[in-house]
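1. pasting the structure only:
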């Protein structure tokens, strides 16, 4: 057996799911995303009075942020930085109480064996109990860690106030005066709810007999008010209820909580974590009333914010990755904590040189060079122009550039676009002689910068079975599409493969081989693609749409004239789609399969804005397409989009063919299944 | 795929280099190297390996099966289940059941017995070393081993003086042979040639003989015969005819955390003549 | 808290336990070959059945028609030797509560008191939520004291170890999944405790991941069916569930329970419960074999504070296996 066993080298990126982290791990791995906390950047105060919606796909960091803001984590963090907790409340402007909506449990609050009104009352009652208990736990936590103290008389009064909230007819002789005593009381009330839910399926017409029933807002607003009135340290503090996974609530349940948000009472406020389009309704329980952005709440779109600040996003990724690397002893000891060094950077030029074989050092041997596949294409263009062999041999050296095959590809592109040969030569010469003042230089330079990646795709397609590499820190950050978890997953897969193949040698090499990174990216892309069909309700339709889009975008990448370089997005007039198609698109966005971009104007000012959707870049390795957004955004018409989602395979192929404009593509036209995964 | 096998099942004991070296053993002696390596890959992916945790649990399973059998006997005579369970526990406490190992002191049976005792929380006084420690009211002797292929060891042990003396002295004593895993042919042999009642949580039937007609690894005849040739030619060169396809053509593809049985195809474990073993076998030196 | 005891027996020994006659036989129809095995064993042993209730799943009848069965219903009538006095319940495979209501209606017609009756259930092809709700009903409402359950293993699921590289992640179900609580098994939540999720691993890692994601427990304890029906199954379930097992904390907690022994499964759950219930609310997702699911059901009947979660699929694969293997008898006293 190889001495170089992997057993002691832990993958630093295993275990990256914030939802599975305990408080200590949240603190350990927390990186403050400055761009979210800067008010100027987003116009939102994460710790202020106004409710805030945190919208983003899975893995964007919502749960991490909400848990970080909870009182448990904040107190722990404070104690790790200070001698004791005495001044904790002075040093903070808010106290957070975290609660996650459990999907399976919520769906039990609605079945056919009781009327909707009963479930509504029951849910309100239960929600009050749960948050009430969270408040009690919060104060006990603060007390336990020395952040808060009060005498027994004060405690008695607090307890009395709370008991009167629960039951206005409460008889004060019964209570024992401690906050701890409230916990079993609330628990008993919750148990009655569970008992009812459990017994109902087997005993129809069961009545919920437990009393009292707490009405909406009684404890949620009432208890913080009691705290603020009775505990001086609580004055001027916001009590923030941090609600996670709002999308799990049923529509009627959301109306109940929406009503609380709408009529929020200081010092209580809300932070709501939800997926995109996680709000099934913005209505409240009051007829004609609904939540309005800016008036009732502010919103943060995680992916948008993160993606729009490229450098800050990359800095955030580096910091997050550093914490992971630090958690693995061997990596920490080696001091190799910069993920950008581990991943390196693979420029398009480097990759192109790898594809063709690096001939820089070789003497120019024209005969040998003419054998190269991309050069053969240039020769073919010359032949189409009836240029003789002798002339070709004279012209070819004027278009060859050993240092960068992409330049040669650009020359090929220009020829395919029917530029005159002499013009191509002129532009090229101006560029390589670095004549920056020259308009030819400017034009060539622009063309190159616009098309370099696209040219690389074209080059690779000529050198099959070589495949596009997806490697390097920049590539990984773009592939992650503003979703931190995607980035960590890419790192996990790359390290996994490298730890197996290199073992401890990896610490000497100090870089993950690009090949392994590409394989890791392909694994991640494949897994992401596979999970699409398990999206509730519309999984199959979304998968169908994604597969079709992948085919179209992939075809455009192969277009010899590169009419649309690197297009990986589209626009559509959503208003003219059917209800079902709209829901499918919204669900795709909710699950981050598609990402919404800034709407664009229609062709005329009279036309509505067009909704823009980008395919999540994480899928790029699966379809072998770019992970950037370049080129004009193509508009797809409603009928086409609907067919791609909802129609059987055969009819879809014709739509894909038309959209791909395959008559303009050379040979090797892709079919619907002509890509996908590794080694296909 | 193999990365996951290595990580989750093989206890991270194979590196990519190991795998490559093992594949490189196949140099095209029988057919094209690529074809030989494809066969090798199929074998690796169907190799059944019991890691340390699983071995512990097999020990637990074996004990549970023994316990269940005893309870069943009682219940079938009309004892309520609850009572039968309590009866078993009291019988255990009063040393009606005694445990020992098959084979010699430093062999794997002894090692497994240690794990068996620990995982089932059995007190030390239930374990015996020689027949003098067995009382007259002992009803069952449970002898523990890790694996048997042909049953040769068990049959040999049955014929040994220690067992013959026990059966002569204690006529009503029941003898159990407990193995964590076994080949079905071996189970048949033991049952036919001894009075041992075999308890085995994991029995490998004919489908698990790699080159049998019922093989689920190579269900197609042509590929199966080609694979067999490859394993046979290389194996004979390494370990001779007797062990080429596993001891007496057991054709097994099984391994344990503590060792690889010689019933497994020799190309997996042999280290002779410069052959790189994927899962090496610790050889016994008898003399 | 009720007390539950039981043990495993070979099905061929059933006549030693039920003598020559039973009061009620319950089963269900399926396109799987092992569907009538329980009934056939009773016939082979010459055991008389006074009453029969068979769940005629509408989707199975429809599935049969699609596979070209001339008269699917008649086919099953013959398979189970249905008599005019026997009861065919036409129920929806996706709606166990409605199924239960039908069952209750007919059971009440047969007898009021069930507790001293000899009841045999063949649950080989029963969808898990049905099994859970039926047992809850019989134990809770009808106070049954002893019950005999038959289970026939499939001969094959058509999957070899090497083939799990292929991404047909669905063996038994397809389409999207929504995790819910099995009705009457919602447990109770202690508001001061964290959440522990015990997952009995199956082959469909996608569904396991869905359950874990929907609950986001503080601690996850996977239980692999081992020893399994076939030796390689222990590896297939591990590899199929790689997505959750890659979390080191989850992999570290990996435990085992025999695939064919509900009582030992229950014991394993008891050990975990005693270790964690002081600090955690326990949820269980029975994604492994049906005997393991039975074990978790028996456990949940005893520990009503635990909830049972199930990833309800969009569609069941009506013929996920071929042939039949061993049939076992599980005798339960409550």
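-> On my side now, so go ahead. None of the values given here were measured: they were computed from a predicted structure. Numbers count the residues shown, from 1 in each chain, chains lettered A, B, ... in the order given.
2. Following the chain past the helix or strand containing residue A:75, name the next helix or strand.
-> When secondary structure is defined using DSSP states H and E, the element that contains residue A:75 is helix A:71-81. Towards the C-terminus, the helix or strand next in line after helix A:71-81, according to DSSP H and E, is helix A:88-91.
3. contact partners of the helix or strand just after that following helix?
-> The helix or strand immediately downstream of helix A:88-91 is strand A:94-100, counting by DSSP H and E. With contact meaning C-beta atoms under 8 Å, 6 or more residues apart in numbering or on different chains, strand A:94-100 is reached by A:47, A:63, A:66-67, A:69-72, A:74, A:89, A:130-131, A:134-135, A:138, A:142, A:234, A:237-245, A:271, C:216. In short, each C-beta sits where N, CA and C put it, glycine included.
4. Give me the subset of these lying in strands.
-> When the contacts of strand A:94-100 are checked against strands using DSSP state E, the ones located there are A:238, A:239, A:240, A:241, A:242, A:243, A:244, A:271.
5. show me what contacts residue 131?
-> Going with chain A. Residue A:131 is in contact with A:97, A:99, A:219, A:220, A:241, counting by C-beta under 8 Å, 6+ apart.
6. actually it's chain B I care about, not the one you picked
-> Applying C-beta under 8 Å, 6+ apart, the residues contacting residue B:131 are B:162, B:165, B:166, B:169.
7. hmm, 6 Å instead?
-> Applying C-beta atoms under 6 Å, 6 or more residues apart in numbering or on different chains, we find residue B:131 in contact with B:162, B:165, B:166.
8. burial measure for the second one, as a count.
-> Spelled out, it's residue B:165. Burial measure for residue B:165: 14 neighbouring residues, criterion other C-beta atoms under 10 Å in any protein chain shown.
9. With adjacent residues omitted, what lies nearest to it?
-> residue B:131 (5.4 Å; C-beta to C-beta, 6 or more residues apart in numbering or on different chains).
10. mind checking pLDDT for that neighbour?
-> Per-residue pLDDT puts residue B:131 at 78.
11. ok so, going back, save the contacts of residue B:131 as TSV, and put in secondary structure and pLDDT too.
-> Written out in TSV, the entries for these read as follows (DSSP: H, G, I helix; E, B strand; the rest coil; pLDDT from 0 to 100):
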residue	secondary structure	pLDDT
B:162	helix	84
B:165	helix	86
B:166	helix	87
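12. any idea which of those residues is closest to chain C?
-> residue B:166 (29.1 Å; C-beta to the nearest C-beta).
13. okay, now the closest one: neighbour count?
-> If you count neighbours by other C-beta under 10 Å, residue B:166 ends up with 17.
14. repeat for residue A:435
-> One way to gauge burial is a neighbour count; for residue A:435, by other C-beta under 10 Å, it gives 14.
15. In contact with it, which residues?
-> Residues counted as contacts of residue A:435 (C-beta under 6 Å, 6+ apart) are residue A:441.
16. Am I right that it is in a strand?
-> No: counting by DSSP: H, G, I helix; E, B strand; the rest coil, residue A:435 falls outside a strand, being coil.
17. quick one: pLDDT of it?
-> Residue A:435 carries a pLDDT score of 76 in this model.
18. got it, and residue A:244?
-> 96.
19. related to what we said a few turns ago, from the ones in strands among the contacts of strand A:94-100, which single one is nearest chain C?
-> The nearest member of the ones in strands among the contacts of strand A:94-100 to chain C, counting by C-beta to the nearest C-beta, is residue A:244 at 8.7 Å.
20. Give me the phi and psi for the residue of the stretch 101-250 of chain A found nearest chain B.
-> When distances are taken as C-beta to the nearest C-beta, the stretch 101-250 of chain A reaches nearest to chain B at residue A:202, 26.5 Å away. Residue A:202 adopts backbone torsions of phi -100, psi -20, taken as degrees, to the nearest 10.
21. Return the residues in contact with it.
-> Contacts here follow C-beta under 6 Å, 6+ apart; on that basis residue A:202 touches C:141, C:184.
22. centre of the chain versus stretch A:249-267, how much separation?
-> Put simply, stretch A:249-267 sits 26 Å off its chain's centre (C-alpha atoms, centre = their mean, to the nearest Å).
23. List of residues touching it?
-> Contacts of stretch A:249-267 from elsewhere in the structure, counted by C-beta under 6 Å, 6+ apart, are A:51, A:101, A:106, A:110, A:123-124, A:217, A:221, A:224, A:228, A:238-239, A:270, A:280-281, A:283-285, A:291, A:296.
24. can you check stretch B:132-140 too?
-> B:96, B:97, B:98, B:174.
25. so what's the nearest residue to the last one once chain neighbours are set aside bridging to?
-> Read that as residue B:174. Distances taken as C-beta to C-beta, 6+ apart place residue B:140 nearest to residue B:174, at 4.7 Å, with adjacent residues excluded. Here residue B:140 sits in beta bridges with residue B:97, residue B:174, as judged by DSSP bridges.
26. How many residues are close by residue B:140?
-> Residues near residue B:140, counting by other C-beta under 10 Å, number 19.
27. mind giving me the domain split of the chain?
-> All of this refers to chain A. The domain map for chain A lists A:51-187+A:213-296, A:348-462, A:535-680, with the assignment taken from automatic domain parsing.
28. wrong one, chain B
-> Chain B is divided into the following domains under automatic domain parsing: B:2-44+B:210-274, B:52-204.
29. nearest to residue C:136, of those domains?
-> Go through the domains of chain B one by one with C-beta to C-beta and the one that ends up closest to residue C:136 is domain B:52-204, at 21.0 Å.
30. who touches residue 87 in this structure?
-> I'll assume chain A. With contact set as C-beta under 6 Å, 6+ apart, residue A:87 has no partners.
31. Actually, chain B is the one I wanted.
-> Residues touching residue B:87, when contacts are defined by C-beta under 6 Å, 6+ apart, comprise residue B:74.
32. Likewise for residue B:202?
-> Residue B:202 makes contacts with B:181, C:227, C:231, as judged by C-beta under 6 Å, 6+ apart.
33. In this structure the second one contacts residue B:61, no?
-> What that stands for is residue C:227. Yes: in this structure, residue C:227 is within contact of residue B:61 by C-beta atoms under 6 Å, at 5.5 Å.
34. which neighbours do the two share?
-> A shared contact of residue C:227 and residue B:61, defined by C-beta under 6 Å, 6+ apart, is any residue touching both; here these are B:201, C:258.
35. circling back to that earlier point, just the closest of the contacts of residue A:131 to residue C:52, please.
-> residue A:99 (49.5 Å).
36. Mind listing the residues bridging to the closest one?
-> Beta-bridge partners for residue A:99, by DSSP bridges, are residue A:243.
37. any idea how far residue A:21 is from it?
-> For residue A:99, the distance to residue A:21 equals 17 Å [C-beta to C-beta, to the nearest Å].
38. Neighbour count for those two, which is higher?
-> When residue A:99 and residue A:21 are compared on other C-beta under 10 Å, the one with more neighbours turns out to be residue A:21, at 20 against 17.
39. contacting residues for the more buried one?
-> By C-beta under 6 Å, 6+ apart, the contact set of residue A:21 is empty.
40. Against residue A:240, how distant is it?
-> Relative to residue A:240, residue A:21 is positioned 20 Å away (criterion: C-beta to C-beta).
41. same question, residue B:143
-> Separation of residue B:143 from residue A:240 (C-beta to C-beta): 66 Å.
42. mind listing what residue A:543 touches?
-> A:532, A:533.
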